[in-house]
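Student: Predicted model, plus sequence, below.
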Amino acid sequence: MTVETIFALASGAGRAAVAVIRLSGPAAGATLSALAGATPEPRRADYVRFRDPRSDETLDYGLALWFPAPHSATGEDCAELHLHGGRAVVDAALLTLAQFPGLRLAEPGEFARRAFVNGKIDLSQAEALADLIEARTAFQRRQALRLAGGALRRETEIWRSAIVEAMALVESDLDFADEAEVSAVPAGALESLLGPALEQIDRALASAPASERLREGFLVVLLGPPNAGKSTLLNALARREAAIVSEEPGTTRDLIEVELDLGGLPITLVDTAGLRESESAVERIGVARARARAGEADLILWLSEGGAEPAPDFGPAAAEVLRVATKADVVQPAPDSLAVSTREGRGMDILCNEIAYRAGAALGDGGSALIAHARQRAELEEARERLGAALQGDKAPELVAEDLRLAARALQRIAGAVDVEDLLGLIFSRFCIGK
Ligand SMILES: Nc1nc2c(ncn2[C@@H]2O[C@H](COP(=O)(O)OP(=O)(O)OP(=O)(O)O)[C@@H](O)[C@H]2O)c(=O)[nH]1
Ligand SMILES: [K+]
Ligand SMILES: [Mg+2]
């Protein structure tokens with residue numbers, strides 16, 4: 001099979017000081033030297049004149065980099081062109097590259113996919129790289145970097161080698177089964193081999209919900225009667241006029257979402273229509289949307305003037321409700337409520353701390369994450385279950401061997417080593433073109 005050489009703009013589209021175009025594949029080196037006049041020394045930036053080799057017209061002056069295989073991001077021959085970030089410059093360079101035989105524009109995620117195929121990263125690292133590109137807060141970045149660096153890959157390899165050792169023990173038992181009455185596996189040997197792995201897997205599974213939610217963010221929904229001051233509070237927390245504010249009750253109808261970064265914690269804050277029975281069909285739709293979003297919340301802020309209005313029942317599965325007394329500058333706040341005044345800026349720090357405290361407890365800080373995706377969690381749960389089954393006493397060694405084999409296979413699937421062909425398109429399409 002001939003490998004095509006792919007290229008793409010790797011930096012963001014639009015005007016920028018610098019644009020980076022990446023190439024990967026067997027023709028990367030020849031293409032670079034045709035454009036730059038020569039191939040630079042490996043992994044050293046050379047300042048060059050980039051030209052169209054057919055007309056010798058100058059495309060731009062910039063940096064050329066050459067990463068011969070296998071010491072490159074994809075494991076193939078790779079090259080980078082660092083150009084001025086103007087649209088015409090980038091277009092001209094991309095058009096010139098497209099004229100080379102054997103070169104084509106990369107699909108989304110194709111560079112990362114080649115890195116995976118060539119063993120540079122495993123599937124858990126590829127997933128983390130996509131998360132890293134999407135990370136918007138420090139804790140999300142920390143978690144994604146840790147996993148992109150192979151934290152889960154290393155752990156699963158350790159667990160898997162313990163299982164492989166246990167399999168060898170059990171298989172030697174199978175070999176001896178005909179000849180001896182006694183089992184070749186000493187009592188407790190499997191337990192002591194697999195015990196540490198089991199413990200670590202349990203710990204990883206216990207921390208998985210927090211890591212998955214750190215990727216998604218902590219959802220805080222503002223609810224309350226009309227004119228409670230929901231939109232005003234949203235704007236104050238977002239530090240911009242995201243929602244319309246007016247003295248007219250029933251101003252907000254659509255859900256308005258803003259993203260906050262509370263000391264590294266990603267928070268999604270949602271403003272909603274004031275809850276009331278309304279004659280207006282449009283407002284009724286808004287109220288229904290507000291209630292539906294409340295059902296997904298991690299935390300509900302129930303706002304009313306002075307905290308006077310009791311919160312309605314949001315159902316048995318509802319999130320914790322924090323009662324907020326608004327307009328504390330003009331209305332006496334009720335006891336047991338958190339008093340805020342957006343007019344005077346009062347209570348805002350306390351409110352932010354309350355949100356951050358709960359979000360921190362639910363999301364963690366990304367520093368010890370191992371499992372950040374439902375896919376990885378499902379495979380690890382499968383491995384955990386098989387290991388538990390293998391360790392149930394009084395089991396024929398053939399059955400124990402089969403449990404261990406299935407546990408090892410589930411761990412291999414986390415890394416993408418087996419049975420994942422149909423998943424790959426899904427995972428790599430999350431990337432933008434150029435990654
Ligand atoms: N004095 C005072 N007025 C406030 C405060 N916060 C909001 N208001 C006023 O209360 C009125 C309603 O504010 P909104 O933010 O539109 O209220 P809302 O809850 O979003 O209202 P709906 O979208 O209609 O449900 C506006 O006139 C605001 O200026 C506050 O802290 N103090
Ligand atoms: K209003
Ligand atoms: Mg509003």
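Tutor: Thanks, I have the structure now. Residues are numbered from 1 along each chain as shown. Ligands and ions are numbered 1, 2, ... in the order given.

Student: what's near enough to touch residue 97?
Tutor: Each residue near residue 97 by CB atoms under 8 Å, 6 or more residues apart in numbering is listed here: 7, 21, 23, 31, 35, 103. (Glycine included, C-beta is placed from N, CA and C.)

Student: of all of the stretch 201-350 of the chain, which residue lies closest to ligand 1?
Tutor: residue 274 (2.7 Å; CB to the nearest ligand atom).

Student: Contact partners for that residue?
Tutor: Taking CB under 8 Å, 6+ apart as the test, what residue 274 contacts is 224-228, 230, 249-250, 252, 287.

Student: Setting aside sequence neighbours, what's the nearest residue to the residue of the stretch 1-150 of the chain found nearest ligand 3?
Tutor: Ranking the residues of the stretch 1-150 of the chain by distance to ligand 3 (CB to the ion) places residue 136 first, at 25.1 Å. Nearest non-adjacent residue to residue 136, counting by CB to CB, 6 or more residues apart in numbering: residue 266, 6.1 Å away.

Student: Checking my notes, that neighbour in a strand, right?
Tutor: Yes: counting by DSSP: H, G, I helix; E, B strand; the rest coil, residue 266 is part of a strand.

Student: Any figure for the gap between it and residue 213?
Tutor: Computed with CB to CB, to the nearest Å, the distance linking residue 266 and residue 213 is 9 Å.

Student: before we move on, what about residue 362?
Tutor: In terms of CB to CB, residue 362 sits 6 Å off from residue 213.

Student: Just the element for the residue nearest the centre of the chain, please.
Tutor: Closest residue to the average C-alpha location of the chain: residue 131 at 3.2 Å, with CA atoms, centre = their mean. For residue 131, the host element (DSSP states H and E) is helix 123-134.

Student: If you count contacts, what does that helix end up packed against?
Tutor: Judged by 3 or more CB pairs under 8 Å, 6 or more residues apart in numbering; DSSP states H and E, helix 123-134 is in contact with helix 110-117, helix 138-148, helix 151-176, helix 374-390, helix 397-415, helix 421-428.

Student: Using the record's assignment, carve this structure into domains.
Tutor: Per automatic domain parsing, the domain ranges recorded for the chain read 5-106, 151-214+373-428, 222-363.

Student: if you look at the last one, does any of it touch ligand 2?
Tutor: Spelled out, it's domain 222-363. Yes: judged by CB under 5 Å from the ion, domain 222-363 comes into contact with ligand 2 at 227, 251.

Student: is that domain anywhere near ligand 3?
Tutor: Yes: using CB under 5 Å from the ion, we find that domain 222-363 touches ligand 3 at 230-231, 251-252.

Student: Lowest-scoring secondary structure element of the protein by mean pLDDT?
Tutor: Sorted by mean pLDDT, DSSP states H and E, the helices and strands of the chain end with helix 421-428, the least confident at a mean of 77.

Student: I'd guessed residue 73 sits against residue 121; true?
Tutor: No: if you go by CB atoms under 8 Å, residue 73 and residue 121 don't touch, sitting 9.1 Å apart.

Student: ok, residue 71 to residue 109 distance?
Tutor: Distance from residue 71 to residue 109, by CB to CB: 22 Å.

Student: no wait, residue 62
Tutor: 26 Å.

Student: again with residue 166
Tutor: In terms of CB to CB, residue 166 sits 36 Å off from residue 109.

Student: And residue 148, by the same measure?
Tutor: 14 Å.

Student: do residue 339 as well
Tutor: Note on residue 339: its distance to residue 109, by CB to CB, is 49 Å.

Student: So for the closest residue to ligand 2 within the stretch 201-350 of the chain, what's the nearest residue that isn't a sequence neighbour?
Tutor: Of all residues in the stretch 201-350 of the chain, the one sitting closest to ligand 2 is residue 251 (3.6 Å; CB to the ion). By the measure of CB to CB, 6+ apart, the closest residue to residue 251 outside its immediate chain neighbours is residue 244, 5.6 Å from it.
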